[in-house]
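S.K.: Just to be clear, the model below is a prediction. Sequence and coordinates:
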Amino acid sequence: MFDIIPWRKANKAMLLEIKDLYVQVEDREVLKGVDLAIDLGEVHVLMGPNASGKTTLVKTITGYPGYKVTSGRIFFKSEDLLLKDISERAISGIALAYQNPPQIRGVKFRDLLRIIAGREPWNPLNGPEETFATELIVAAGLDADFANRDLNIGFSGGERKRAELVQVFAMRPDLMILDEPDSGVDIDSLKAIGKRISEVVSDLGCCVLVITHHRHILQYLRPDVAHLIYGGKIMRSGNPEEMIPRLEELGYEGYVKHTLGASR
């Protein structure tokens with residue numbers, strides 16, 4: 001499947017390896033034999049229609065309860081991820097940016113960022129100003145006063161997306177999963193978000209799995225591989241510059257019928 005990636009060597013262990021994965025949600029089989037491999041430094045984009053299994057896949061990777069693996073394996077850093085709970089997976093270096101981040105009243109944005117990064121909440125007795133979390137917030141294009149606000153309370157759609165990404169960046173993960181980071185944001189926010197993601201990915205050298213329905217954010221992320229998930233299976237993996245225009249032209253169902261059908 002991945003012969004299109006010229007630098008990938010046969011039998012080389014990937015950072016993330018998913019093998020023949022089947023998953024049930026509320027007794028309904030959603031994933032039906034998913035195979036996926038991502039290595040450090042790679043950016044992968046996952047596309048597919050609603051209810052095709054995108055969210056199920058990322059929540060299974062991150063260890064959400066209620067997503068029952070009935071068959072298959074997931075390895076991360078060559079370790080069996082299915083033996084780890086959701087907290088252990090986060091500690092091991094997996095971070096997920098949610099499509100719809102929650103509002104949390106009473107939790108200061110700055111304190112949450114500091115805890116995520118392994119620091120104590122800010123104590124004004126230790127200094128007149130908080131700098132660590134504030135610098136992360138400003139780097140994401142938000143005003144410094146967001147540090148003192150309750151998480152996502154009164155934030156616009158674009159501000160919530162940026163705040164969510166800052167939390168992921170603070171973790172400094174090896175695998176960054178971004179669930180539709182471009183949904184509900186305007187053009188200016190999209191550009192700022194895309195550029196900041198690209199900067200952080202370059203700085204950390206991590207790998208990225210981004211879920212999207214549109215190509216707009218991809219001009220900043222420059223994905224190495226595109227995947228089409230359809231009916232619970234990854235139907236094709238290939239060059240994003242070739243696949244995405246055809247997906248936009250034919251639609252998901254049309255791509256599966258005409259492109260994949262013609263190759264069988």
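M.R.: Sure thing, it's come through. Values in this document were obtained by computation on a predicted structure and should not be read as measured data.
S.K.: Mind jotting down where the strands sit in this structure?
M.R.: Per DSSP state E, the chain has strands spanning 16-25, 28-38, 43-47, 67-76, 79-80, 94-97, 104-108, 150-151, 175-179, 207-211, 225-230, 233-238. These are given in chain order.
S.K.: need the contact list for residue 244.
M.R.: For residue 244, the residues meeting the contact criterion (C-beta atoms under 8 Å, 6 or more residues apart in numbering) are 45, 47, 215, 218, 226. To be clear about C-beta, it is placed using only N, CA and C from the backbone, and glycine gets the same treatment.
S.K.: which stretches of this protein form helices?
M.R.: 54-62, 86-92, 109-116, 132-139, 157-171, 187-204, 218-221, 240-254, 261-262 (DSSP state H).
S.K.: For residue 49, grab phi and psi.
M.R.: According to degrees, to the nearest 10, the main-chain angles of residue 49 amount to phi -70, psi 170.
S.K.: residue ranges with poor pLDDT in this protein?
M.R.: 1-13, 262-264 (pLDDT under 70).
S.K.: Just give me the residue closest to the centre of it.
M.R.: Per C-alpha atoms, centre = their mean, the C-alpha nearest to the average position across the chain is that of residue 177, at 1.6 Å.
S.K.: Could you single out the nearest of the contacts of residue 244 to residue 90?
M.R.: Ranked by distance to residue 90 (C-beta to C-beta), the contacts of residue 244 are led by residue 45 at 22.7 Å.
S.K.: Can you tell me, leaving aside adjacent residues, what's nearest to the closest one?
M.R.: On the basis of C-beta to C-beta, 6 or more residues apart in numbering, the spatially nearest residue to residue 45 that is not a chain neighbour turns out to be residue 223, at 4.3 Å.
S.K.: Same check on residue 164?
M.R.: Distances taken as C-beta to C-beta, 6+ apart put residue 101 closest to residue 164, at 4.2 Å, once the chain neighbours are dropped.
S.K.: That neighbour contacts residue 158, doesn't it?
M.R.: No. Checked against C-beta atoms under 8 Å, the pair residue 101 and residue 158 is beyond contact range at 11.7 Å.
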